Each structure stands twice: as C-alpha cells, then as structure tokens.
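> Dropping a prediction and its sequence here:
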Protein chains: 4
Amino acid sequence: MTTTDSPQNGGRRPQRADARTNRERILTVAEEVFGKGGESASTEEVARLANVGIATVFRHFPTKAALLEAVLVQRFDRLRAQAEALLHATDSGTAFFDFFRLLVADATGKIAIGEALQQAGGNDSGDAARASDGLRRAVGALLQQAQRAGAVRDDAELPEVYALLVATSRASAHGRLEEEVRDRMLAIVFDGLAPRRASRRR
Amino acid sequence: MTTTDSPQNGGRRPQRADARTNRERILTVAEEVFGKGGESASTEEVARLANVGIATVFRHFPTKAALLEAVLVQRFDRLRAQAEALLHATDSGTAFFDFFRLLVADATGKIAIGEALQQAGGNDSGDAARASDGLRRAVGALLQQAQRAGAVRDDAELPEVYALLVATSRASAHGRLEEEVRDRMLAIVFDGLAPRRASRRR
Amino acid sequence: MTTTDSPQNGGRRPQRADARTNRERILTVAEEVFGKGGESASTEEVARLANVGIATVFRHFPTKAALLEAVLVQRFDRLRAQAEALLHATDSGTAFFDFFRLLVADATGKIAIGEALQQAGGNDSGDAARASDGLRRAVGALLQQAQRAGAVRDDAELPEVYALLVATSRASAHGRLEEEVRDRMLAIVFDGLAPRRASRRR
Amino acid sequence: MTTTDSPQNGGRRPQRADARTNRERILTVAEEVFGKGGESASTEEVARLANVGIATVFRHFPTKAALLEAVLVQRFDRLRAQAEALLHATDSGTAFFDFFRLLVADATGKIAIGEALQQAGGNDSGDAARASDGLRRAVGALLQQAQRAGAVRDDAELPEVYALLVATSRASAHGRLEEEVRDRMLAIVFDGLAPRRASRRR
DNA sequence: CATGAATGAGCGTTCATTCAT
DNA sequence: TATGAATGAACGCTCATTCAT
C-alpha cells in the first residue's frame, strides 16, 4: 500500500486517487468514531480525525445517516466475507462456532456497531439492510453446514440463532464484559446449541 | 387526620397531590419516551406528552440525566421486586426461568431501557447503579436457588448469567423479534443453562 | 407619624408581626445577596436564605425590581441618617471627610450597592431616586458645612463631589482594593478637595 | 507574495476576507452591546446587530465569555497603545494627565467596559488579564515619567492611581455625568495628584 | 473537487412571575 | 397570608447541513 496520505495535494493531476483515499479514510475514521461514541458522535469529529474539511465528508456521504450506513455496509460485508471464508474450512463442524466467537470478540467495545447490526436488520430498505441480509445469509449457510455435520442441533433455526448472535455481540460491545465472562457466556449459548440428548459429540 | 396518603407528610401540606400526580405522570411518560427513542429523546417531548411545562419537568428532576436515572431506578426496583417475589415461589426450580422470561418479555420494544440495564451496570455511582445492583443481587439469589434445586447447572455464575439476561432482553427490546422467535431463542439459552448430562465442561 | 407602612393590611388580628418580620428578613437577606452577586442574584436565593417561600417575597415586593429598590431605599436612608447625624458633630470640619471615608468603607465588597448608588441617581423616578436624593442632599449639607469651616475648597460643588464619592465607593465595592490602597486613594482625593493654597484653578 | 494581509497565512486560503470581516463586525457590535448593557446583554443580540447567525458568533468565539474577553483585550490593547504613544510626547509632564482624561472620556456611556477594567484586574488568568496588566504597566510608565518631570507628587503609587483611574472612568461610564461635571471631578483628582507645596498638614 | 464559514433549528437549563391550595 | 408548584420566554450552546470560494 502506498500511502500518499498528504491531504492537500500540490499536484494537479491524479485527484481521483485523492478522492478515493479521502473516502476511505473517512470511512475508516467513521467506523472508529461511531464505534466508540455511538451515533451521537459528531460528523465534525469524523472530519477532523480524517484530516478533511467537513464539507468533504458531506460530499462523499450526503447525509450523516448515509455515512453511518456506509460504515455498516463495510462492516457487514467484511463479516460476510469472513463467514464465507469459513464455509470452506476443513472442519465445517466448528466453523460455525468459530465465526460466532469471532463476531462477538470483534464487537467488543464497538458500541454503535453492535447496535447497528440490529437496527439495520429491520430498519432501512437501503444498502445497509441489503448488506445485513448478506451477512445473515452467510450465517445461515454456516449454520446449515454445522447442522449437517452434527455440530448444532437440528431444530435451531436461523432467526433465533441470529438473534443470539446479535444479542451476545451487543452485550460484548457495550458492557464491561471481561473476556473470561464473555467466554463463559458463549459456552452456555454453545451448549444450548449443541445437539440434544442421544446423538452427542460429532 | 388528613386524608392525604402522602407518606412523608409530618405536618400539613396541601396540594402535594397535584405535584405527586405530575411527578408520576412525567416519570411514566419519560419511561415511554426514553424507552422508544433512547436517551436522545428530548426532555421537551416528555413535557409535552405529560401535559406540563418544560420547567415543571426540571422542577421535579433537576437534570435530564436525573430524569433518566429516576426512570431507571423505577424500572430496576420494579424488576427487583418481581424477582424477590419469585424467590418465595413454590417451585423454586422454575422461578429463575420464569423471571428470565418475564424480564425479556418486559423489555420488548423498550430500547433505552435494555441499554440502561447495561450502562447502569458500570456507569454511575448514583442511584441507578445502586438500583441496578439490587436487581443483580436478586437475580443472583434466584440463580442460587435454582441451582440448589437442580434446575440450573452448578458451574454457571452470576456474571455470565446476568450478561445473558441483559443480552437477550436487549435483543428483545431493539429488534423486531417476533414472540415465537424470542421464545425459541430463550429455549436455547435455557437448554444451555440446564444441568449438564454427564460431566461436561471440565 | 406612626409608620405602619405595611401596605396590604386587611388582615384580622396580630398577623402583622409575622408579616413585618418576614418583610424585614427578606430585605436584610436581599441586601446581602444582591450586595454580593449583583442584581444577577436570583430572587429564589433570597427566598431560600430568608426562610420563606418565593411567593412570600413576591407578596411583599411585587417585582424583583421593587425588591431591589426597597433594598436601595433602605440603604440610602441609613446612609442619609448617618450623614445627618454627622451634621451635628462638634468638628464640622472633619465631619465631611469622616462620612466620605465611612461610605467608601461601607461599600467594600458590596457590588450591587455601589452600582445602585449610581444607577438610582439617574434611573427611576421611584422611591429609590427619592431616597438617593435625600442622601445627596445630606451630603450637600455636610459639604457646605465643611466649606464654611474652611476644611474644603470653596469652588468644589456637589455634583463633582458626589461623583467622586460614588466613584471611589464603587471602586471599593468591586475591586480587590486592599485597605491600605483604598486609604491612599482617598488621601489623594482629600488633598484635591483641600482649600487651595493661593488662588489656584482659574 | 500573496496580496492578502492576513498575518497567519502560510499557504493559500481564500475567502478568509469574509470571515475576518464578520469577526471584526461581531467584535465591534459586541463592544457596543456589552458596553451598553453590561455582560447581561445577550449573545443573540450581538448576532442580530452584526447581521450574522448565532452560530457564526460561536464559531468565532467559542463561548460568551470568550467573546467578552476578546472585547476587553481589544479595548485594553487600544488603550495601552494610546498610553505608550503618549510616553514619547514632548511634554512628558502633561502626558499622564492627558491620558487620564482620555481614558475617562473614552469610557463615557460604556457601562460594562469600565466594569471590566476592574474585574479583569483580579479575575481571569486569561488573555484579558494579560492585556489588563499591559495597560496597567503602561500607565505605570506614564506615572513615573510624570513624577520625574515633577508633574505628579512622588508619593503617589500605581495601585491607588490606577484605582482612581478606574473609579473615575466607571463613574463616567455609568452615570449621567455631564461633561462639565466630569471635568471638575477630574480637576479635583488632578489637584490631589499635584506635587505637594511645602509640608502639608497631617 | 476541497474547503471552512455560515446557518438555523433544537436542546438543556434558568428565572421572574402567576396560580391553586 | 404563606406556600411551593407551574409556567413560558429566554439564554448559551451544538450540530447537521448548505454556500461561496
């Protein structure tokens, strides 16, 4: 990665690169800022930390909501990619649980993000909802695979599983949950997801 | 004997009835408003819906934060009372699960309230934190009883159990969770909390 | 002259005593409160420190301005009484300077009071202006006496002398003027007021 | 060399002209408004009279206090410059008195300004206090020069002289002092500051 | 295309004053 | 008559968004 990072570009030509760079830097900063302070964080702070003028932010994202949505889309897409990568893992039995753990750990301390997982679920009909759906479908695929592999009980369906995923990740995002507590919380959930009774283990 | 039922009323003090009514109406409305819109809801809306002037709200609660805190305290206390009532239930085995279900159902649609459960856990050293602690302790008592009765696995400790309670209630508060999905989500968690068949988990 | 001066007096029997007490306590407290914080001090604080309800303050003084005016009247009258007392002093030469010093010292730390001396001079046509005039006249009498006694230059007239009185008392009221500095400031003014050696000044 | 006279303008920066104009108009208006109504005048009135939105005022001065401070600094600096200019006057004997008169005349009708002279003396550790100190020092220099020139008595020290300056300028600012009265008031003070004839009484 | 100045609606809060008891 | 609750206008300040350069 070449880091041109110089914000005010003496040169005339390659402005496009700058714009792209700016857009990305804004997105990155926004994810951090909104992650930390929820959506109550100000757009101006995003601009400041991204080293761009406020108007530049609004040029790239016409609305604060649009910026938030872009952050979410990015996040959802990233998570979906991770989920899809795990679809091809050798041990398809544990892939589901790995992803569950990964998502929850990733959410730690990122307030608004966890929130958004939820809101985007039912809120917008926009891009974020679409991206959220993508993630949800990927999780569904992981779930099915795990069920086929006998690692997850057959009667667990996506809605409640997804709800649990969201719930635990939000708990991890907001609270002061220590890592150990978080793990024990997940252990309980995972036990609840384990195949019932007779056919134990894989 | 005056007929006023005002409890802290050593001497005479008329009209207190009106003030009490207002205070309670404000609290009720605030619970609803903040429940719906999070803490970003405006104090003025509370005033409007409570049919009082804005200054009246501030007379009763000197600060928006104080109003929010009062809402939380009220809520925590109410829940704690319910928890404590269940402590004396005949079937101490199911009391714990009943309360879990109750709390989660109660949270449905009340955004900020679920949030608050969490925030108050680590936030203030104020009344809300105290009330939150009270609830937590009551849940702890229910948990212990359930464990003694063999209805909950012994190795589950309060921190993770409480985290699950909070997580699922928030999921219920925010999302569009249908009742059926919510129940199935809880079923999974409850299975995870059930005593282990053999000697699982270390 | 019997001075029942209590304005609204339809009451039945002895209530008067209470009302009088309240009125006076309010006035006393108001002098202190406004003296300290200027007129920006709140009426409610006056009520609190006077141990009466806010409505009681407004019963006695229908307006904040009226309360302030009453404070001023009281103060002006008191000062006038002191000035008039000094009119009968044995050494009529120093009486003027004694009063000057007294007034300035009395103003120390009493922000709004000094201010009021001035404002009332040109402001209202109300009671305060009347009382202010009374004080001013008394000072005029002291000045004349001192001039007759040869203690003050003859060409000094009341307007500028009074202006100096007000100016120095305000300086004393507001600033951090140490006592010593205040005395040296007055010494200069007093020297300026002393009879001219030869035929100075025009 | 760009033609902009903006001092801190390393690179390019257009439109700054507008902002500067606004800033200055706000300051000017603020001096007038606060001069007239004291610090109780509202920031919104400043905005209105300056023909800018309220937010523009707050963009330039992040706080009402900051705006007030800027007004004071401007005023102090202006006065200090005048004082320093007089330091190089031919007749160093009368320079001191000229400045005294100038300052008092300048304060006429500007309520809060005179007040500020005083408050800034002991108040903030901020810019206003620094500027106030600068003025005070300049006055000190004028005083010393006048004393060396034999135009002011030697035993007069800065604290009391400055106190007199402040006192008389405030009197001039607040009261309805006619010009003639003001001059006679100053004449008395100036006589008090004149070198002592022989050995004056006690 | 990037900038930062400008904007106004809105928020939390205060306070003199009025009302009901 | 004394009380304290109620009120709304006003204030200082913030922020998403628009405008001019």
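Noted; the coordinates are in hand.
> buried ones in stretch A:73-83?
A:73, A:74, A:75, A:76, A:79, A:80, A:82, A:83 (16 or more other CB atoms under 10 Å in any protein chain shown). All C-beta spots, glycine's among them, are computed from the backbone N, C-alpha and C.
> Out of the residues you listed, which sit inside helices?
Judged by DSSP state H, these include A:73, A:74, A:75, A:76, A:79, A:80, A:82, A:83 as members of helices.
> quick one: residue A:75 from residue C:90, how far?
Here the criterion is CB to CB, to the nearest Å. By it, residue A:75 lies 93 Å from residue C:90.
> how about the host helix or strand of residue A:182, does it get close to chain B?
Using DSSP states H and E, residue A:182 sits within helix A:179-193. Yes - using CB under 8 Å from any CB of the partner chain, helix A:179-193 reaches chain B at A:181, A:182, A:184, A:185, A:187, A:188, A:189, A:190, A:191, A:192, A:193.
> most surrounded residue in the residues you listed?
residue A:189 (28 neighbours; other CB atoms under 10 Å in any protein chain shown).
> can you pull the contacts of that one?
Residues in contact with residue A:189, defined by CB atoms under 8 Å, 6 or more residues apart in numbering or on different chains, are A:100, A:164, A:168, B:164, B:188, B:189, B:192.
> try it again with 10 Å
Going by CB atoms under 10 Å, 6 or more residues apart in numbering or on different chains, residue A:189 touches A:97, A:100, A:104, A:161, A:164-165, A:167-168, B:160, B:164, B:167-168, B:185, B:188-189, B:191-193.
> Same question for residue A:70.
A:23, A:26, A:27, A:30, A:31, A:60, A:61, A:127, A:128, A:131.
> for the helix or strand where the last one lies, packing partners?
Using DSSP H and E, residue A:131 sits within helix A:127-148. Judged by 3 or more CB pairs under 10 Å, 6 or more residues apart in numbering or on different chains; DSSP states H and E, the packing partners of helix A:127-148 are helix A:64-87, helix A:92-107, helix A:111-122, helix A:158-174, helix A:179-193.
> Using PDB, write out every CA atom in it.
This file holds the C-alpha atoms of helix A:127-148, laid out as PDB (Å, rounded to 0.1, in the frame of the first residue of the first chain):
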ATOM      1  CA  ASP A 127     -27.800  -0.600   1.400                       C
ATOM      2  CA  ALA A 128     -27.300  -1.500   5.000                       C
ATOM      3  CA  ALA A 129     -30.300  -3.700   5.000                       C
ATOM      4  CA  ARG A 130     -29.100  -5.400   1.900                       C
ATOM      5  CA  ALA A 131     -25.600  -5.900   3.400                       C
ATOM      6  CA  SER A 132     -27.100  -7.100   6.600                       C
ATOM      7  CA  ASP A 133     -29.100  -9.700   4.700                       C
ATOM      8  CA  GLY A 134     -25.900 -10.800   3.100                       C
ATOM      9  CA  LEU A 135     -24.300 -11.500   6.400                       C
ATOM     10  CA  ARG A 136     -27.400 -13.200   7.700                       C
ATOM     11  CA  ARG A 137     -27.500 -15.500   4.700                       C
ATOM     12  CA  ALA A 138     -23.800 -16.400   5.200                       C
ATOM     13  CA  VAL A 139     -24.500 -17.200   8.800                       C
ATOM     14  CA  GLY A 140     -27.400 -19.300   7.700                       C
ATOM     15  CA  ALA A 141     -25.100 -21.200   5.400                       C
ATOM     16  CA  LEU A 142     -22.600 -21.800   8.200                       C
ATOM     17  CA  LEU A 143     -25.500 -22.900  10.500                       C
ATOM     18  CA  GLN A 144     -26.800 -25.400   8.000                       C
ATOM     19  CA  GLN A 145     -23.300 -26.800   7.400                       C
ATOM     20  CA  ALA A 146     -22.800 -27.200  11.100                       C
ATOM     21  CA  GLN A 147     -26.100 -28.900  11.500                       C
ATOM     22  CA  ARG A 148     -25.400 -31.300   8.700                       C
END
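> Same question for it: list its buried residues.
Neighbour-count burial for helix A:127-148 flags A:127-129, A:131-132, A:134-136, A:138-143, A:145-147 (criterion: 16+ other CB under 10 Å).
> what inclination does that helix have with respect to helix A:158-174?
Here the directions of helix A:127-148 and helix A:158-174 differ by 110 degrees (axes from the mean of the first three to the mean of the last three CA atoms, to 10 degrees).
> centre of the chain versus helix A:127-148, how much separation?
12 Å (CA atoms, centre = their mean, to the nearest Å).
> got it, and stretch A:26-40?
13 Å.
> what's the answer for stretch A:91-100, then?
That offset, for stretch A:91-100, works out to 17 Å (CA atoms, centre = their mean).
> List the contacts of that stretch.
Identification of contacts with stretch A:91-100 by CB under 10 Å, 6+ apart yields A:79, A:82-89, A:101, A:138-139, A:141-152, A:161, A:164-165, A:168-169, A:186, A:189-190, A:193-194, A:201-202.
> In that stretch, which residues are buried?
In stretch A:91-100, counting by 16+ other CB under 10 Å, buried: A:92, A:93, A:94, A:95, A:96, A:97, A:98, A:99, A:100.
> Could you check the pLDDT of whichever residue of chain A sits closest to DNA strand E?
Minimum separation of chain A from DNA strand E (CB to the nearest atom of the strand) falls at residue A:55, amounting to 2.3 Å. pLDDT, residue A:55: 96.
> Might you report the residue contacts of it?
Per CB under 10 Å, 6+ apart, neighbours of residue A:55: residue A:47.
> Mark out where each domain of chain A begins and ends.
For chain A, the structural domains run A:14-62, A:71-202, going by automatic domain parsing.
> and which of the residues of helix A:179-193 next to chain B is nearest chain D?
Using CB to the nearest CB, residue A:182 comes nearest to chain D of those, at 41.3 Å.
> excluding its backbone neighbours, what's nearest that closest one?
residue A:172 (5.6 Å; CB to CB, 6 or more residues apart in numbering or on different chains).
> roughly how far apart are the one you found and residue A:185?
8 Å.
> Are there residues contacting both of these two? Which ones?
Counting by CB under 10 Å, 6+ apart, the residues touching both residue A:172 and residue A:185 are A:104, B:163, B:167.
> quick one, the helix holding residue A:131 and helix A:179-193 angle?
Interaxial angle, helix A:127-148 versus helix A:179-193 (the same axes, to 10 degrees): 60 degrees.
> Quick one: mean pLDDT over helix A:127-148.
Helix A:127-148 comes out at a mean pLDDT of 93.
> quick one on the thing from earlier: and the ones in helices among the buried residues of stretch A:73-83 near chain D, which?
By CB under 10 Å from any CB of the partner chain, no member of those lies near chain D.
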